[in-house]
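Enquirer: Here is the input, now give the coordinates:
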Amino acid sequence: MERDKKPRHVGLARALSKLGFCSRSQAARLIRSSRVRLNGAPRRDPETPVRLGRDRIDVDGNAITAEAKIYLMLNKPRGVVTTASDEKGRQTVYLLIGENLPWVGTVGRLDKASEGLLLLTNDSEWAARISNPESHVDKTYHAQVGALSGETLVRQLIQGVFAGGELLRAKHARVLRAGEKNIWLEIVLDEGKNREIRRIFEHHGVKVLRLIRVAIGPLSLGQLAKGKSRALATGEKAALDQAVGIRREKKSVP
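Expert: So this is what the prediction gives:
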């Protein structure tokens, strides 16, 4: 017979995140506000150790159990922010996915002016793996820029620039099409540093007119309409898992 596995200890805030109830930062605020009890006792330290699968967690008197894992893709429109709420009253992506879902968080970010593929999930560990720069998951963008010399820009993107103490550069880049006043480029990043593409163009004095993320690893935006979302198909989720080296757990044979 196999020995029983010891319960895994995690901090209380992380436990709520792992259960798919809310983000770790939201959980920490709930805990500090005395709204969370652990095994019936109030706790105000987000790092209070919890034995997942053994201990009972209540928020506002309601027992918290693990939510079914949700994996969504959204075609984010320009002008929409990715935060859960906005102090300036701007539209957020959460208004686009509806209110009938459990809590989900964004996997990485797209800035307000950027468009395209955005992932959302309540699986915090999966989100961390996908967004971790060390996973080197390719992220493909189409950029419309106010320039005419496309091949020059391609070389500059791949050579990279130093800005803010870090090297910014594309993994791949190519010209998609050129017009009389601007060009479209396809740009692939594999680290996803903050505003990386925009910062490279800013360094070269090039204006970005549109920036659209069209793929994350093997997952393509496809024909998903702007502002719409859908669940990832099983095969799409599996392909992303493979891209970041997440292996499926094999069921033990009795």
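Enquirer: Every contact and neighbour count from this point should use C-alpha atoms.
Expert: Will do.
Enquirer: This structure: helices as residue ranges?
Expert: Using DSSP state H, the helices of the chain run over 12-18, 24-32, 94-97, 124-131, 150-159, 196-203, 234-243.
Enquirer: Return the most buried member of those helices.
Expert: The highest mean neighbour count among the helices of the chain, using mean count of other Cα atoms under 10 Å, belongs to helix 12-18: a mean of 24.
Enquirer: Can you spell out which helices and strands pack onto that one?
Expert: Counting contacts by 3 or more Cα pairs under 8 Å, 6 or more residues apart in numbering; DSSP states H and E, helix 12-18 packs against helix 24-32, strand 49-51, helix 124-131.
Enquirer: Quick one: distance of that helix to the chain centre.
Expert: The chain centroid and the centroid of helix 12-18 are separated by 18 Å under Cα atoms, centre = their mean, to the nearest Å.
Enquirer: same question for it, mean pLDDT?
Expert: Throughout helix 12-18, pLDDT has a mean value of 87.
Enquirer: Over to stretch 107-118?
Expert: Mean pLDDT, stretch 107-118: 93.
Enquirer: so how far is the first residue of that stretch from its last?
Expert: By Cα to Cα, to the nearest Å, the extent of stretch 107-118 from end to end equals 7 Å.
Enquirer: If you count neighbours, what's buried in that stretch?
Expert: Buried residues in stretch 107-118, defined by neighbour count with 16 or more other Cα atoms under 10 Å: 107-110, 112-118.
Enquirer: List just the nearest of these to Pro77.
Expert: Closest approach between the buried residues of stretch 107-118 and Pro77, by Cα to Cα: Glu115, at 5.1 Å.
Enquirer: what comes into contact with stretch 82-90?
Expert: 80-81, 92-94, 106, 109-112 (Cα atoms under 8 Å, 6 or more residues apart in numbering).
Enquirer: and what of stretch 142-150?
Expert: Outside stretch 142-150, the residues touching it (Cα under 8 Å, 6+ apart) are 175, 178-187, 206-214.
Enquirer: And stretch 47-65, by the same measure?
Expert: With contact meaning Cα under 8 Å, 6+ apart, stretch 47-65 is reached by 7-13, 15-16, 19, 21, 30, 35-40.
Enquirer: same question, stretch 30-37
Expert: Contact with stretch 30-37 is made by 13, 42-46, 57-61, as judged by Cα under 8 Å, 6+ apart.
Enquirer: on that earlier part again, possible to save the helices and strands packed on helix 12-18 as CSV with distance to Gly222 and mean pLDDT?
Expert: Conversion of the helices and strands packed on helix 12-18 to CSV gives the following (distance: least, Cα to Cα, whole Å; pLDDT from 0 to 100):
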stretch, distance to Gly222, mean pLDDT
helix 24-32, 32, 90
strand 49-51, 42, 90
helix 124-131, 19, 88
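Enquirer: Out of the ones you listed, the one nearest Phe162 is which?
Expert: Closest to Phe162 of the helices and strands packed on helix 12-18, according to Cα to Cα: helix 124-131, at 22.2 Å.
Enquirer: And that closest one, how far out from the chain middle?
Expert: With Cα atoms, centre = their mean as the basis, helix 124-131 stands 7 Å off its chain's centre.
Enquirer: Can you give me the buried ones in stretch 58-70?
Expert: For stretch 58-70, using 16+ other Cα under 10 Å, the buried residues are 58-59, 70.
Enquirer: C-alpha coordinates for it, CSV please?
Expert: The C-alpha atoms that make up stretch 58-70 are tabulated as CSV, following Å, rounded to 0.1, in the frame of the first residue of the first chain:
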residue,chain,number,x,y,z
ASP,A,58,-14.2,30.4,5.5
VAL,A,59,-14.6,33.9,4.0
ASP,A,60,-17.5,36.0,5.4
GLY,A,61,-18.8,32.8,7.0
ASN,A,62,-18.9,30.8,3.8
ALA,A,63,-16.7,27.7,3.4
ILE,A,64,-14.3,27.9,0.4
THR,A,65,-13.9,24.8,-1.7
ALA,A,66,-11.8,24.3,-4.9
GLU,A,67,-13.4,25.8,-8.0
ALA,A,68,-13.4,23.9,-11.3
LYS,A,69,-10.4,25.1,-13.3
ILE,A,70,-11.4,27.6,-16.0
